[in-house]
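**Q** Sequence plus the predicted model coming up.
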Amino acid sequence: QVQLVESGGGLVQAGGSLRLSCAASENTFRLTTMGWFRQAPGKEREFVAAIRWNAGNTAFDYADAVKGRFTISGDSAKNSVSLQMVSLSPDDTAVYYCAADRGFLPYMRNVRNYDHWGQGTRVTVSS
């Protein structure tokens, strides 16, 4: 079972930046799609951003709420992904989860499509 290990969460003031990182515990196989989801207190887990590698092509997807402020990047050879977050607001406060799947996910926003999940890292943005 692949384990995903996240790092980089913390407390930041509104307008600040944070970078989250996630790496898989093994590289014996490739994770084709990796993404970030978040869950705020009392809310459902929601899609943030995803990256997908296939036949030399890389695809990206972002939730509208973070487009232009968050940037996802990754290294398919290392089964790793990062999320650079800037211009953070209190609305971004949540536990952020790294997700991954070995398969090609045509629709990267569905939480049910991912087989592997990290434990989550907390991001708190103060006003």
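**A** Good, I have the coordinates.
**Q** Show me where the protein has its strands.
**A** 4-7, 10-13, 18-24, 33-39, 46-54, 57-62, 70-75, 80-85, 94-101, 116-117, 121-126 (DSSP state E).
**Q** Compare those and report which one is nearest to residue 108.
**A** Closest to residue 108 of the strands of the chain, according to Cβ to Cβ: strand 46-54, at 3.7 Å. For glycine as for every other residue, the C-beta is placed from the backbone atoms N, C-alpha and C.
**Q** Show me how far that closest one is from its chain's centre.
**A** For strand 46-54, the separation from the chain centroid amounts to 7 Å (computed by Cα atoms, centre = their mean, to the nearest Å).
**Q** For that strand, which strands pair with it and how are they oriented?
**A** The partner list of strand 46-54 in its sheet, established with DSSP bridges, is strand 33-39 (antiparallel), strand 57-62 (antiparallel).
**Q** for those, which one sits closest to residue 97?
**A** Nearest of the strands paired with strand 46-54 (Cβ to Cβ): strand 33-39, 4.8 Å.
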